[in-house]
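Engineer: Mind folding the following:
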Amino acid sequence: MLGRRDRKPIVWAFSLSRLNGLLAQVVPEFAGAAEIRIFHQGFEAAVELATDAMRGGEEVDVFVSAGANGAYIKRHLQVPVVSITPTGFDVLRALAVARRLSARVGIVTFGRPPEELEQFKDLYGLHIEQRAYETLADAENAVRDLTSRGIEVVVGPSAITDIAERLGKKGVFLHSQSAVRDALNRAIEIARVARADAARRARVDAILSHLDEAVAAVDLEERIESLNPSMSRVLGIPPERAIGRRLSELAPELALTRVLETNQAELEQIAKVGARTVVTNRIPLRDQGAPTGAVVTCTDASAIERADRSLRSQHRPRRFVATHALADVVGDSPAIHRARTLASRFARTDATVLVTGASGTGKELFAQGIHLASVRRDRPFVAVNCAALPETLLESELFGYEEGAFTGSRRGGKPGLFEAAHTGTIFLDEIGDMPSPLQTRLLRVLQQREVLRLGGSDPTPVDVRVVAATNHNLEARVAQGSFREDLYYRLAILRVHLPALSERREDLPLLAEHLLRSALARHGASGALDSALAAIEPRLGVHSWPGNVRELENVVERIAVLFAGAQEPPEEELRSVVPELFGRRTRRGDGHGAGDLRGMRQADERAHIQRVLAECGGSQVEAARRLGIGRTTLWRKLKGEA
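Structural biologist: All right, here's what the predicted structure looks like:
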């Protein structure tokens, strides 16, 4: 069976007497365009027939009729009614026929007489009596009045000619085949447009019905024309009871009267409808520039909050991604240049790399740079701090676990970070602090390239490149027995040592400018860069920077906050916020000395030497190299003789 959108338009034509014959002659011409049925019915009988048929499931798109009959049907049925209206040519033709029959001619038309009739009378200087009617009673009276005035021929529709002939006068039928064709064409077009509108409304209603957002459309009088189920729930009334009622009567908080008056949209406003808080958008509707109504949409505020949380969750930085390249390492000193060159060369291989250096020297930055310079750059970069987690948690994080491996384990188990880093790089920071039992498991992973989850029995092969980092002297730890020797040799295949900031003081101005530029930009004070640099650059060499680049970054952030104010801070305020830059100056005044020992107080100097010596695992040769002094000088300073 064809759907409503696919079938031909269905047209019912109601006619009386002479019009019936015209319809019968013309209807076959429309067989391919519409299903047209002719009924010899009028007025009450026609309405009753149509009503019963539609109640029984009959579908009718348009009714066609003429004169008072058509007007009566239009008043009593909801389906569109097209009236068969005589054209000006029909009037002239009928009058010409009537004039051949008699000089005393009258014309009776439904409603106002055609304008062409007046033109015809004026053109030929004819006297033609005119009458109009609305009902059959009017028609009877009009014809009787004409006959009483001596009119011998009456021109008009079927009802008029029938009355005239009943009264013994001649009747000339007004309608023609052309008028019938025109009416049927209009009926078919109305049906086509109505069906297209219905299909469009059905599509819109189907879309709206699936929206969580509540939507209602009103006409120019603010009467509801359509609404979706969500709006029905907001209003607390079924859709069939809401259609046709004013929106402001059902929900004053959603009223569209002001939008209809001003023709201006009102967007993203908060309203309270019953117990609900909603965000509303009120928008005027236009058709070819002319106002036709308005629409209001409501979104539950809690739904917006949920969407906001979801968006923020989805836009969190992705895990397991490296963001810093080796080119991001700032500095031109020979020490940092050597480290950067080695890291770039090592990145071309898949061998394990051990990055050493004091805290704050940028070991993870180098690890990310090695990953991004390698063939694994598009694969995961997984970083884990071996000193930040308890031993039991670190084990499950690194190697994963099977379901039921321990109390509280996730259903289905969980892959570890080694599995997450498959085909990529895993960065083991603070490897020197890894507990001894885990060192054994890590060694197996490095040797076998497979991971055994906690509680599991089947190992999982993994393809990972390992970069480890420590601020400890692993050789010394091996000697102390706190770090496995075989693991050390597995990790230290390729080694990159990062110099402390005290070993590359010539990089201080460059680093400070780079960090300060970023910090001031975050605080919206990029224009203060020159004045901030001028205030701090001469003082950078005063401090020993035991916290290395991380400490410098901390100091620069405080300076940026000060210079982000409306006025440049006075020296007293600068001194209180960054006291590191106001210590004792070096004897040479420029702060550039080997190993930053010159200018330090003796106690500070010895403490610094002891710290460097510890970092070197007690190796005086390495400590002297880092400090830029001879071994004899180092020995004397340790003894307190220099």
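
Engineer: what about the stretch 351-500 of the chain, any weak spots by pLDDT?
Structural biologist: 404-412 (pLDDT under 70).

Engineer: which residues of it fall in strands?
Structural biologist: 353-356, 381-385, 425-429, 450-451, 460-461, 465-470, 494-497 (DSSP state E, counting those that start in this stretch).

Engineer: can you list contacts of the longest one?
Structural biologist: Same thing as strand 465-470. With contacts defined as Cβ atoms under 8 Å, 6 or more residues apart in numbering, strand 465-470 is touched by 350, 352-357, 363-364, 366-367, 370-371, 374, 376, 424-433, 446, 491. Bear in mind the C-beta positions are built from the backbone N, C-alpha and C, glycine included.

Engineer: can we see that at 7 Å?
Structural biologist: Residues from elsewhere that reach strand 465-470 (Cβ atoms under 7 Å, 6 or more residues apart in numbering): 350, 352-356, 363-364, 367, 370, 374, 376, 425-432, 446, 491.

Engineer: Could I have the buried ones of the residues you listed as ChimeraX selection syntax?
Structural biologist: Buried members of these can be picked out in ChimeraX with the line below, counting by 16 or more other Cβ atoms under 10 Å:
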select :352,353,354,355,356,363,364,367,370,374,376,425,426,427,428,429,430,431,432,446,491
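
Engineer: now the strands of the stretch 351-500 of the chain in CSV, with distance to residue 395?
Structural biologist: Formatted as CSV, those follow (distance: least, Cβ to Cβ, whole Å):
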stretch, distance to residue 395
strand 353-356, 22
strand 381-385, 11
strand 425-429, 13
strand 450-451, 11
strand 460-461, 15
strand 465-470, 17
strand 494-497, 27
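
Engineer: Quick one: closest of those strands to residue 216.
Structural biologist: strand 381-385 (51.8 Å; Cβ to Cβ).

Engineer: That closest one: partners in the sheet, and parallel or antiparallel?
Structural biologist: strand 425-429 (parallel) (DSSP bridges).

Engineer: And the strand it pairs with, how far out from the chain middle?
Structural biologist: 36 Å (Cα atoms, centre = their mean, to the nearest Å).

Engineer: And for residue 525, the neighbour number?
Structural biologist: Using other Cβ atoms under 10 Å, residue 525 is surrounded by 18 other residues.

Engineer: Please tell me how far it sits from residue 349.
Structural biologist: 44 Å (Cβ to Cβ, to the nearest Å).

Engineer: C-terminal to the longest helix seen in the chain, which secondary structure element comes first?
Structural biologist: For the chain, the helix with the greatest residue count under DSSP state H is helix 177-209. Later in the chain than helix 177-209, the nearest helix or strand by DSSP states H and E is strand 214-218.

Engineer: Mind giving me the packing neighbours of the helix or strand that that following strand is followed by?
Structural biologist: Remark: after strand 214-218, the chain's next helix or strand is strand 224-227, criterion DSSP H and E. Applying 3 or more Cβ pairs under 7 Å, 6 or more residues apart in numbering; DSSP states H and E, one finds that strand 224-227 contacts strand 214-218, helix 239-242.

Engineer: picking up where we left off before, among the strands of the stretch 351-500 of the chain, which comes closest to residue 323?
Structural biologist: Among the strands of the stretch 351-500 of the chain, strand 381-385 comes nearest to residue 323, with 8.8 Å by Cβ to Cβ.

Engineer: how far does the closest one sit from the chain's center?
Structural biologist: Worked out by Cα atoms, centre = their mean, strand 381-385 lies 32 Å from the chain centre.

Engineer: Flag every buried residue along it.
Structural biologist: 381, 382, 383, 384.

Engineer: Ok, which of the strands of the stretch 351-500 of the chain comes nearest residue 211?
Structural biologist: strand 381-385 (41.5 Å).

Engineer: could I get the closest one in PDB with only the CA atoms?
Structural biologist: Below are the C-alpha coordinates for strand 381-385, written out as PDB (Å, rounded to 0.1, in the frame of the first residue of the first chain):
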ATOM      1  CA  PHE A 381      55.100   8.000  26.000                       C
ATOM      2  CA  VAL A 382      54.400   6.700  29.500                       C
ATOM      3  CA  ALA A 383      56.000   8.400  32.500                       C
ATOM      4  CA  VAL A 384      56.100   6.900  36.000                       C
ATOM      5  CA  ASN A 385      57.800   8.200  39.100                       C
END
